[in-house]
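Asks: Show me the folded form of this:
(chains A and B)
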Number of protein chains: 2
Amino acid sequence: MTSPQRAPGGFPVVGVIGGGQLARMCAGPAAELSITLSVLSEAPDAAAAQVVPHSPVGDHTDVDDVLDFARHCDVVTFDHEHVPPAVLEALVSSGVALHPTPEALRFAQDKLAMRERLTTIGVACPRWARARTAAEVEDFAEQVGWPVVAKTPRGGYDGKGVRVIGSAAEVADWLDQVGAPGALHDGVLLEEKVDFVRELAVLIARSPSNQAAAWPVVETVQTDGICTEVLAPAPGLDPDLAAVATEAGLRIAEELGVTGVFAVEMFEVRDPGSGAAAYVVNELAMRPHNSGHWSMDGAVTGQFEQHLRAVLDLPLGAPTPRAPWTVMANVLGGDYPDLYPAYRHIMARDPALKVHLYGKAVRPGRKIGHVTVSGTDLDDLRERARHAADYLAGVITE
Amino acid sequence: MTSPQRAPGGFPVVGVIGGGQLARMCAGPAAELSITLSVLSEAPDAAAAQVVPHSPVGDHTDVDDVLDFARHCDVVTFDHEHVPPAVLEALVSSGVALHPTPEALRFAQDKLAMRERLTTIGVACPRWARARTAAEVEDFAEQVGWPVVAKTPRGGYDGKGVRVIGSAAEVADWLDQVGAPGALHDGVLLEEKVDFVRELAVLIARSPSNQAAAWPVVETVQTDGICTEVLAPAPGLDPDLAAVATEAGLRIAEELGVTGVFAVEMFEVRDPGSGAAAYVVNELAMRPHNSGHWSMDGAVTGQFEQHLRAVLDLPLGAPTPRAPWTVMANVLGGDYPDLYPAYRHIMARDPALKVHLYGKAVRPGRKIGHVTVSGTDLDDLRERARHAADYLAGVITE
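Replies: I've put the predicted structure just below:
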């Protein structure tokens, strides 16, 4: 494997395992900061490989590929959370600086481990249990009521690996794997179905020196289990809840030893007794996250620049918003493979729109880009972001 | 020459001749917009070649190199104005879409042609003349008074090719070239030494369809002939002058047929009779320009994104400022080759500072980067930008 070209002046090389859009969106900030990126890509035409000169192709599950890649990097970080624990351990053993570390990543890779740890440190979670048998599923449902949310502890994303079930039979296939040789999980995670007001996300950056910075709490809007819209900051959020939720995010980051940018997805709930606003944690993501894309345009320091600063243990940038409101809408693939004419149209319609596309071929439902727009009138911003995303997806033709 | 990798979805390839920092700073916006960049670079480690995957090395004065390069591009634009007219004509003859066009570029490459054209279209200029002999220099000085500003019509930048003279003898070497075989110029440009209040710059983008957008007029501060600081917008600028100067910029763009981003450097003067604020044009630059770097962080659409949109004839983005004030300070190379420790320091001191470095080796006086900072208190912003730039240059150690 060739070495990446390092910038003169003592600047470092950051390796990113995985060539998806998160690695791609590091490219602009890395160039500005004179940090060299190196990306271990799935394919020569991966989203990040299109824009990063040093993007060797390799298998992130293959120890030799990953070690060979890491040799040329001062620090290694991740585009996704799918690097197997054995590969992570091999990297650490050979002296590679990994951020986040395997100890922290475990809690993003294994949702049962995450629930156990969060409960220990006193962070609010939905009621939950580990079920290894149908009887244990029935027992849990008796406590919290049907339906129950069942999750595979590993491998889920964008709604995959999650089922809302009305009987134990609906997760029979997952339960069958428990105790099987080479099984991915030792039990299914069960959670009460939370009666939430809306979904929130807390985005935090933390460096190895324990400096931390938090962006404002945002509202995330999901459609069919996929995030489609983010409102920054979360409109009308109770300031006490904003403080408590941010404090929970910072506590998780410190207690779990997270480094880099990380996201805590939360449900906003009402206390059944007092009616006060409260949170329960839904998921953790230990990497830049879709709920933080708004910050690229909407904050003084965007999440991709901040992630680079954090994993390099550089001083963190200000997460201050640049405008009262920023709205982000994801662009999902539609039926039209040629985006360029639609993109001309939305640029003409809205000169203040910021368009981000990931260089990915259109497939229905695939996240292929996002748009953001910032300003003072939230309803207007939502309409504009929604229109642009829908137009790019081909949902509307005017 | 290999072909660049094109993003799926019908997206174009923009070729940039020259691998300096202006080409480099197009990389982030190009990735966001899914536009593929291809850069004809001076060397494999040129500023842009470090961050753009397709950066073939070639000579911008060699017709074959440039034609071979242009073959893979949908449109070709420039990092600098040094491509010889014969090479430009060869590109046009072979059907390459060039922006700006050779007809427009001529006025940025030849300052005598620029003065003739601007005078014809009624744009305010200093009093000027073409001198081919010492006697003609003396004649002009008799009209405007010594000292006189003398310029070589071609090849000047950052103060090079400009002399403030007190006698014709001081440009004897330039006059000797007039009429010589293969001479670069047919006469020296003479201009009155303008008694200016300050320097301003108007930054415009214009597309082949004649859509145009103007950023606010900025003040530029020069030290030893090199721009060191930009204040956006120009503080206390008379609104009438702002309108007149912007209108002049737009008129020049249209009359000269400029496409892409272009800058008009101006002097702010006082009318000797009325005392009213007025402008005279100093120089033109037909490319993104140092006076527009503030817009990367300080405007909704930065100049590099806008340049890509303009040369592709895409709808232009909003040039609206994101904050009341943005200050940009250039980072000039100092005595310390290792920038990384200084850069950690300035990040720690000012988390809201935006740092841009160009991947260039430090040489004393060389532009190696810039910093910007946005906010509401101009004096505070100037102090912060100045401190960071000086610290990076090694001028101060606290």
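Asks: Just the pLDDT at the closest residue to A:N210 other than its chain neighbours, thanks.
Replies: Spatial nearest neighbour of A:N210, chain neighbours left out: A:E254 (6.9 Å); criterion: C-beta to C-beta, 6 or more residues apart in numbering or on different chains. For the C-beta atoms, the positions are set from N, CA and C on the backbone; glycine is no exception. For A:E254, the pLDDT comes out at 97.
Asks: Hmm, A:E254 is touching A:R206, no?
Replies: Yes - at 7.1 Å, A:E254 and A:R206 qualify as touching, with contact defined as C-beta atoms under 8 Å.
Asks: Touching both of the two, which residues are there?
Replies: By C-beta atoms under 8 Å, 6 or more residues apart in numbering or on different chains, A:E254 and A:R206 have these common neighbours: A:A212.
Asks: More neighbours: these two, which one.
Replies: Set A:E254 next to A:R206 and count neighbours by other C-beta atoms under 10 Å in any protein chain shown: A:R206 wins out with 27 against 14.
Asks: wait, the more buried one sits on A:R251?
Replies: No - counting by C-beta under 8 Å, A:R206 stays clear of A:R251, with 11.0 Å between them.
Asks: Pull the contacting residues for the residue of the stretch 51-200 of chain A at minimum distance from chain B.
Replies: For the stretch 51-200 of chain A and chain B, the shortest gap (C-beta to the nearest C-beta) falls at A:V51, measuring 4.2 Å. Applying C-beta under 8 Å, 6+ apart to A:V51 gives the contacts A:24, A:27, A:359, B:27, B:30-31, B:53.
Asks: Which helix or which strand is home to it?
Replies: For A:V51, there is no helix or strand it lies in under DSSP states H and E.
Asks: which residues does the residue lying closest to it once chain neighbours are set aside contact?
Replies: Leaving out its chain neighbours, the residue that sits closest to A:V51 by C-beta to C-beta, 6+ apart is B:A31, at 4.2 Å. Counting by C-beta under 8 Å, 6+ apart, B:A31 touches A:24-25, A:27-28, A:50-51, A:359.
Asks: re earlier: relative to A:H185, which of the contacts of A:V51 is nearest.
Replies: Using C-beta to C-beta, A:R24 is the member of these that sits closest to A:H185, with 30.8 Å.
Asks: Am I right that the closest one is in contact with A:Y358?
Replies: Yes - look at A:R24 against A:Y358 with C-beta under 8 Å: they come within range, at 6.0 Å.
Asks: more neighbours, the two?
Replies: Neighbours were counted for A:R24 and for A:Y358 using other C-beta under 10 Å; A:R24 has more, 30 against 24.
Asks: I'd guess the more buried one is in a helix, am I close?
Replies: Yes - A:R24 forms part of a helix when assessed by DSSP: H, G, I helix; E, B strand; the rest coil.
Asks: Report back the residue of chain A that's furthest from centre.
Replies: Distance from the C-alpha centroid of chain A peaks at A:A135, with 33.7 Å (C-alpha atoms, centre = their mean).
Asks: which ones are touching that one?
Replies: So A:A135 contacts A:A168 (C-beta under 8 Å, 6+ apart).
Asks: coming back round to it: reformat the contacts of B:A31 as JSON lines; add distance to A:P147 and pLDDT.
Replies: Putting those into JSON lines (distance: C-beta to C-beta, whole Å; pLDDT from 0 to 100) gives the following:
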{"residue": "A:R24", "distance to A:P147": "38", "pLDDT": "98"}
{"residue": "A:M25", "distance to A:P147": "36", "pLDDT": "98"}
{"residue": "A:A27", "distance to A:P147": "43", "pLDDT": "98"}
{"residue": "A:G28", "distance to A:P147": "43", "pLDDT": "98"}
{"residue": "A:Q50", "distance to A:P147": "43", "pLDDT": "97"}
{"residue": "A:V51", "distance to A:P147": "43", "pLDDT": "98"}
{"residue": "A:G359", "distance to A:P147": "39", "pLDDT": "96"}
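Asks: Can you say which of those are buried?
Replies: The neighbour count (16 or more other C-beta atoms under 10 Å in any protein chain shown) marks A:24-25, A:27-28, A:50-51, A:359 as buried among the contacts of B:A31.
Asks: Just the pLDDT at A:P153, thanks.
Replies: We note a pLDDT of 89 for A:P153 in this prediction.
Asks: Show me the residue at the heart of chain A, geometrically.
Replies: Mean-position check on chain A, C-alpha atoms, centre = their mean. Result A:H289 at 3.0 Å.
Asks: separation between the closest residue in space to that one that isn't next to it in sequence and A:A124?
Replies: Excluding its sequence neighbours, the residue lying closest to A:H289 (C-beta to C-beta, 6+ apart) is A:A263, at 3.5 Å. Distance check for A:A263 against A:A124: by C-beta to C-beta, to the nearest Å, it reads 17 Å.
Asks: any idea how chain A splits into domains?
Replies: Using automatic domain parsing, the domain parsing of chain A gives A:13-98, A:127-192, A:198-393.
Asks: picking that back up, want to throw the contacts of A:V51 into JSON lines with distance to A:A389 and secondary structure?
Replies: Supplementary listing: those in JSON lines, determined by distance: C-beta to C-beta, whole Å; DSSP: H, G, I helix; E, B strand; the rest coil:
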{"residue": "A:R24", "distance to A:A389": "18", "secondary structure": "helix"}
{"residue": "A:A27", "distance to A:A389": "22", "secondary structure": "helix"}
{"residue": "A:G359", "distance to A:A389": "17", "secondary structure": "coil"}
{"residue": "B:A27", "distance to A:A389": "25", "secondary structure": "helix"}
{"residue": "B:A30", "distance to A:A389": "21", "secondary structure": "helix"}
{"residue": "B:A31", "distance to A:A389": "19", "secondary structure": "helix"}
{"residue": "B:P53", "distance to A:A389": "28", "secondary structure": "coil"}
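Asks: Where does pLDDT dip in the stretch 151-300 of chain A?
Replies: Applying pLDDT under 70 to the stretch 151-300 of chain A flags residues A:156-159, A:184.
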